[in-house]
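Asks: Here is my input, please return the structure:
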Amino acid sequence: MNRENKKKSLEKGYYKTNPCREPFVCKNCGRTVVPFGAGTDHRNHCPYCLWSRHLDIEPGDRAADCGGAMEPVAVWVRKNGEWAIVHRCRICGILHANRIAADDNPMKLMSIAMKPLTAPPFPLDAIEEMTKRMGGDGELKW
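Replies: Prediction:
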């Protein structure tokens, strides 16, 4: 039974307290994803491409009607040192953070983490110009 049918047949909030043990096919890369090896009972993204689906409003509730593809857009480190992937829905734009799994592709994780450094939102030569203008004391000198 696929996830969409389960949403309709299981009681509300079922996945908040019960593990999801069924494999699924990633809607982004097409690979079959099995829940084993994730290091958690609640697999919520593909370990190969790190994409997810917008199924939940609150973790495990399967109450989102959107169903859009959730693109991995960033990673962040929680207070306890654990990494999380920030996903953005391609349809409604909502952001969700999900713990990384033990079997996630480390190269994909690192490429997402390095994206702000390799593709900054401003030209790199602007840093040099601003540094010269600030004179090292944080004050602009026009």
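Asks: List the buried residues in stretch 65-78.
Replies: By neighbour count on 16 or more other C-beta atoms under 10 Å, the buried set for stretch 65-78 is 66, 68-72, 75. The C-beta positions use only the backbone N, C-alpha and C, and glycine is treated the same way.
Asks: again with stretch 74-91
Replies: Result for stretch 74-91 [16+ other C-beta under 10 Å]: buried residues 75, 85-89.
Asks: Just checking, which helix or strand succeeds the longest helix that the chain contains along the chain?
Replies: Counting residues, the longest helix found in the chain (DSSP state H) is helix 106-118. Counting by DSSP states H and E, the next helix or strand C-terminal to helix 106-118 is helix 124-134.
Asks: sorry, back to before: of the buried residues of stretch 65-78, which belong to strands?
Replies: Cross-referencing these against strands under DSSP state E gives 69-72, 75.
Asks: So residue 81 versus residue 102, what's the distance?
Replies: 15 Å (C-beta to C-beta, to the nearest Å).
Asks: thinking again about what came up before, name the helices or strands packed onto the longest helix of the chain?
Replies: Helix 106-118 sits against strand 69-77, strand 83-89, with contacts defined as 3 or more C-beta pairs under 8 Å, 6 or more residues apart in numbering; DSSP states H and E.
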